[in-house]
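S.K.: structure, please.
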Amino acid sequence: MDTEFETLLYGQQFKKLYEKASNMITERYGLHKVEIEVLLFLKKGRGDTARDIAENKFFSKAHISHAIEHLTECGYLVGIPDGQDRRCIHLTLTQAAEPVCGEIFKMREKLMDTVCKDITAQERQIMRQIAKKIARNINEELDV
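M.R.: Sure, this is the predicted structure:
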């Protein structure tokens, strides 16, 4: 396998770059990476339960639980029990989370601008298509 392709799939360089870019947010708000990802997930509206987060972000349930607890303590989240299933809690961002989410989106936009510098819109579209296929292949192999 190509070294560059392995680097892209394993993502270690990107992880380091992401950590560097998110340090300002983690220091300013006292948040961890998992908490940032939970806020981002909820803001994007891809789901609203701990189970949704676990199924989509591949963090452990324990990490997600701790993140939700801390974000609730910080006043960024509220949990609303489901009307049909009392075991299910729907997570909602509070107004206090808006500035944090805004900074997260700005940080990620700047990060993508850095990573995709000198890559055309057409090349980005091709990369998205390929990434979706790779993710689907991995998920099929993992029976996700």
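S.K.: okay, CA-based contacts and neighbour counts for the rest of this
M.R.: Will do.
S.K.: other residues contacting the host helix or strand of residue 114?
M.R.: In this structure, residue 114 sits in helix 97-115 according to DSSP states H and E. Helix 97-115 is touched from outside by 18, 21-22, 25, 29, 36, 39-40, 43, 75-77, with contacts defined as Cα atoms under 8 Å, 6 or more residues apart in numbering.
S.K.: now swap in stretch 10-28 and tell me
M.R.: With Cα under 8 Å, 6+ apart, stretch 10-28 has contacts from 7, 31-33, 100, 103-104, 107, 111.
S.K.: let's see that with 10 Å instead.
M.R.: 4-8, 29-33, 35-36, 100-101, 103-104, 107-108, 110-112, 114-115 (Cα atoms under 10 Å, 6 or more residues apart in numbering).
S.K.: need the buried ones from those residues selected in PyMOL.
M.R.: In PyMOL syntax, the buried subset of the contacts of stretch 10-28 is picked out as below (16 or more other Cα atoms under 10 Å):
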select buried, resi 31+35+36+100+101+104+107+111
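S.K.: flag the shaky bits of this protein, pLDDT-wise.
M.R.: 1-4, 7, 9, 144 (pLDDT under 70).
S.K.: name the element residue 130 belongs to?
M.R.: helix 121-142.
S.K.: with just CA atoms, put that helix into CSV.
M.R.: Provided in CSV are the C-alpha atoms of helix 121-142 (Å, rounded to 0.1, in the frame of the first residue of the first chain):
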residue,chain,number,x,y,z
ALA,A,121,-13.5,22.0,-6.0
GLN,A,122,-13.7,19.2,-8.5
GLU,A,123,-10.9,17.3,-6.7
ARG,A,124,-12.7,17.9,-3.3
GLN,A,125,-15.9,16.4,-4.8
ILE,A,126,-14.0,13.3,-6.0
MET,A,127,-12.3,13.0,-2.6
ARG,A,128,-15.8,13.1,-0.9
GLN,A,129,-17.1,10.4,-3.2
ILE,A,130,-14.0,8.2,-2.6
ALA,A,131,-14.2,8.7,1.2
LYS,A,132,-17.8,7.7,1.2
LYS,A,133,-17.0,4.5,-0.6
ILE,A,134,-14.1,3.7,1.7
ALA,A,135,-16.2,4.4,4.8
ARG,A,136,-19.0,2.1,3.4
ASN,A,137,-16.4,-0.6,2.7
ILE,A,138,-15.0,-0.4,6.2
ASN,A,139,-18.5,-0.4,7.8
GLU,A,140,-19.5,-3.4,5.7
GLU,A,141,-16.4,-5.3,6.8
LEU,A,142,-17.0,-4.3,10.5
